[in-house]
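> got a structure for you, letters missing:
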């Protein structure tokens, strides 16, 4: 594939389920790691102070690995 043919995978609720996350009122959690659904984006924050928004699977995988130290696999 050429670089122009590569496209990021949009993050969806279906993909979060396949990654092992559980939904609880727009808060998705997996083993103490939580993200929030902001409609068209997902986000992560610490005490509503430090945070980031993301919309692609690879962004969540990178954040998860950086904070948890484990790969986030999609089953």
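Cool, got the structure. All values derive from a computational prediction rather than experimental measurement.

> Low-confidence ranges, the protein, go.
Applying pLDDT under 70 to the chain picks out residues 46-50.

> Name the helix or strand for the residue positioned nearest the centre of it, please.
Geometric centre of the chain, nearest residue: residue 60, 3.5 Å, by Cα atoms, centre = their mean. If you go by DSSP states H and E, residue 60 is part of helix 57-68.

> Could you report the separation of the residue nearest to the centre of the chain from residue 75?
Note on residue 60: its distance to residue 75, by Cβ to Cβ, to the nearest Å, is 15 Å. To be clear about C-beta, it is placed using only N, CA and C from the backbone, and glycine gets the same treatment.

> what's the answer for residue 59, then?
Computed as Cβ to Cβ, the residue 59 to residue 75 distance reads 19 Å.

> okay, the two: which has more neighbours?
residue 59 (17 against 6; other Cβ atoms under 10 Å).

> dump the residue contacts of that one.
Applying Cβ atoms under 8 Å, 6 or more residues apart in numbering to residue 59 gives the contacts 8, 11.

> Enumerate the positions of the helix or strand hosting residue 36 that are buried.
Using DSSP H and E, residue 36 sits within strand 33-37. By 16 or more other Cβ atoms under 10 Å, the buried positions in strand 33-37 come out as 33, 35, 37.

> Partner strands of that strand and their direction?
Using DSSP bridges, the strands paired with strand 33-37 are strand 27-30 (antiparallel), strand 42-46 (antiparallel).

> how big is the angle separating the helix or strand harbouring residue 53 from helix 57-68?
Residue 53 is part of strand 50-54 when elements are defined by DSSP H and E. Angle between the axes of strand 50-54 and helix 57-68 is 150 degrees (criterion: axes from the mean of the first three to the mean of the last three Cα atoms, to 10 degrees).

> who's in contact with the nearest residue to residue 45 once chain neighbours are set aside?
Leaving aside its chain neighbours, residue 45 sits nearest to residue 51 (3.2 Å; criterion: Cβ to Cβ, 6 or more residues apart in numbering). Neighbouring residues of residue 51 by Cβ under 8 Å, 6+ apart: 43, 44, 45.
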